[in-house]
Structures are given as structure tokens and as C-alpha cells.
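Participant: here are the coordinates; sequence isn't available:
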């Protein structure tokens, strides 16, 4: 099986669109997630279930994005 990496993805922590070529990444339950800064990756790895809930996934799939403060 070939793993296809999208050119862009949504950071599940902050909702920012990221370029997967230079984004931080992590794997959770067999799925790869791409995150913008190092802090988002650390936050995701500690509390991934918080960011993978149904409501958050619906928000991310709607195209709503946030930015870092």
C-alpha cells in the first residue's frame, strides 16, 4: 500500500492550514496528522482525543480556520 501525503492539511489543534512538506507531523491510531508549530504537536500528543472529537472534526471540515495569537 502506498501512503499518499496531501500537499496541504488542517492542523487539528488550531485549525490553521499547513503545508505538509514542512509541517510537524504525528501518527495517532494509524492516521497521520500535520501540525503547524512545535507547540501544537506537543499539545496534540498530550490531548489528541480533545482535538479529534466529532464537533472539532466538523469545524475543520467546514473550512473554518483560526490563526495563532
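Facilitator: Nice, thanks for sending it over. Being a predicted model, the structure only gives us computed values, none of them experimental. Numbering: from 1, shown residues only.
Participant: ok, now which ones touch residue 41?
Facilitator: Residues counted as contacts of residue 41 (CB atoms under 8 Å, 6 or more residues apart in numbering) are 24, 25, 26, 35. (Glycine included, C-beta is placed from N, CA and C.)
Participant: Just list whatever residues bridge to the last one.
Facilitator: Taking DSSP bridges, one finds residue 24 as the beta-bridge partners of residue 35.
Participant: is it true that it touches residue 10?
Facilitator: No - taking contacts as CB atoms under 8 Å, residue 35 lies outside contact range of residue 10: 9.8 Å.
Participant: what sits in contact with each of these two?
Facilitator: residue 18.
Participant: Tell me which of the two has more neighbours.
Facilitator: For the pair residue 35 and residue 10, the greater number of neighbours falls to residue 35 (25 against 22), based on other CB atoms under 10 Å.
Participant: Doesn't residue 45 belong to a helix?
Facilitator: Yes - when the secondary structure is assigned by DSSP: H, G, I helix; E, B strand; the rest coil, residue 45 falls within a helix.
Participant: thinking again about what came up before, so which of the contacts of residue 41 is surrounded by the most neighbours?
Facilitator: That'd be residue 35 among the contacts of residue 41, by other CB under 10 Å, with 25 neighbours.
Participant: Quick one: residues contacting that residue.
Facilitator: For residue 35, counting by CB under 8 Å, 6+ apart, the contacting residues are 11, 12, 13, 18, 23, 24, 25, 26, 41, 44.
Participant: With residue 45 instead?
Facilitator: Counting by CB under 8 Å, 6+ apart, the residues that residue 45 touches are residue 26.
Participant: quick one: it from residue 29, how far?
Facilitator: Distance of residue 45 to residue 29, given as CB to CB, to the nearest Å: 13 Å.
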